[in-house]
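J.: coordinates only, sequence not included:
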């Protein structure tokens with residue numbers, strides 16, 4: 001999905017979309033925008049603090065929250081009323097301050113096999129791609145796809161790049177990649193269709209730790225370039 005810079009269109013009340021017999025998608029807007037995502041984060045925190053009986057899991061996204069619930073503990077109309085009430089209420093507590101994670105990246109070569117292609121696609125140098133990619137302070141819009149995968153936005157317009165026509169069957173853990181206005185980090189080895197610019201030695205997912213990932217909705221990420229010989233300084 002592509003974040004939109006068009007004027008935000010807010011729903012007067014959240015829109016509910018049935019997702020099977022024990023989940024509902026709560027949408028706050030039809031736009032992907034930082035202000036919408038912050039409202040998603042606010043509602044997520046309210047629902048988490050309220051601990052509404054029957055809610056089993058909350059999965060926040062760009063502009064919505066998936067609410068997984070037990071229909072034997074709470075009926076859907078009651079769940080919807082609770083969500084609308086919390087959405088309208090003033091927050092009783094401030095939102096947690098976003099964490100900031102500095103991410104070292106080895107760009108290009110065997111670590112970033114698509115860097116040259118992305119540079120050629122935009123008619124700029126690989127060094128320019130790196131400068132553009134390391135310029136923003138990225139927002140974590142959501143975590144998904146694989147455990148701990150952060151969807152970050154937005155990349156500068158100068159390097160907005162469509163997904164690969166043919167996804168890779170294997171993308172190494174730690175790969176830093178872009179697709180459209182998004183960038184992200186592959187926390188585990190997996191298939192993937194994004195263009196790989198580089199690799200980070202930081203581990204973004206460890207099932208033996210709690211929380212297993214250092215990032216969550218609303219956090220901030222800053223990339224910076226390191227030479228290959230410095231990898232050992234950052235490996236856990």
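T.: That came through, no problem. As the structure is a computational prediction, the values presented were derived from the model and not from experiment.

J.: middle-most residue in the protein, spatially?
T.: The residue lying closest to the centre of the chain (Cα atoms, centre = their mean) is residue 151, at 2.5 Å.

J.: Could you say which helix or strand holds that one?
T.: strand 150-153 (DSSP states H and E).

J.: Need the residues that contact that strand.
T.: With contacts defined as Cβ atoms under 8 Å, 6 or more residues apart in numbering, strand 150-153 is touched by 3, 62, 138-145, 181-185, 204, 213, 215, 219, 221. In this view, the C-beta of every residue, glycine as well, is placed from N, C-alpha and C.

J.: Quick one: buried ones out of those?
T.: Neighbour-count burial (16 or more other Cβ atoms under 10 Å) is assigned, among these, to 3, 62, 138-143, 181-185, 204, 213, 215, 219, 221.

J.: pLDDT at residue 11, what is it?
T.: pLDDT recorded at residue 11 is 72.

J.: Residue 2 now?
T.: Confidence for residue 2, expressed as pLDDT, is 48.

J.: go on, the one 5 residues further on?
T.: The predicted local distance difference test score for residue 7 is 58.

J.: before we move on, the earlier item: how far away is the residue nearest to the centre of the chain from residue 128?
T.: 24 Å (Cβ to Cβ, to the nearest Å).

J.: ditto for residue 227
T.: Using Cβ to Cβ, we find residue 227 at a distance of 18 Å from residue 128.

J.: quick one, which of those two is more surrounded?
T.: Higher neighbour count among residue 227 and residue 128: residue 128, with 14 against 9, using other Cβ atoms under 10 Å.

J.: Backbone dihedrals for the more buried one, please?
T.: Backbone torsions for residue 128, taken as degrees, to the nearest 10, come to phi -70, psi -40.

J.: hang on, isn't it packed against residue 119?
T.: Yes: contact criterion Cβ atoms under 8 Å: residue 128 and residue 119 qualify, at 7.0 Å.

J.: Name the residues contacting each of the two.
T.: Among the neighbours of residue 128, none is also in contact with residue 119 (Cβ under 8 Å, 6+ apart).

J.: Secondary structure element holding residue 38?
T.: helix 34-50.

J.: distance between that helix and the chain's centre?
T.: Computed by Cα atoms, centre = their mean, to the nearest Å, the separation of helix 34-50 from the middle of its chain amounts to 14 Å.

J.: same deal with stretch 18-35?
T.: Centre-to-centre, stretch 18-35 and its host chain are 15 Å apart (Cα atoms, centre = their mean).

J.: Please spell out which residues along that stretch are buried.
T.: By neighbour count on 16+ other Cβ under 10 Å, the buried set for stretch 18-35 is 23, 24, 25, 26, 27, 28, 29, 31, 32, 33.
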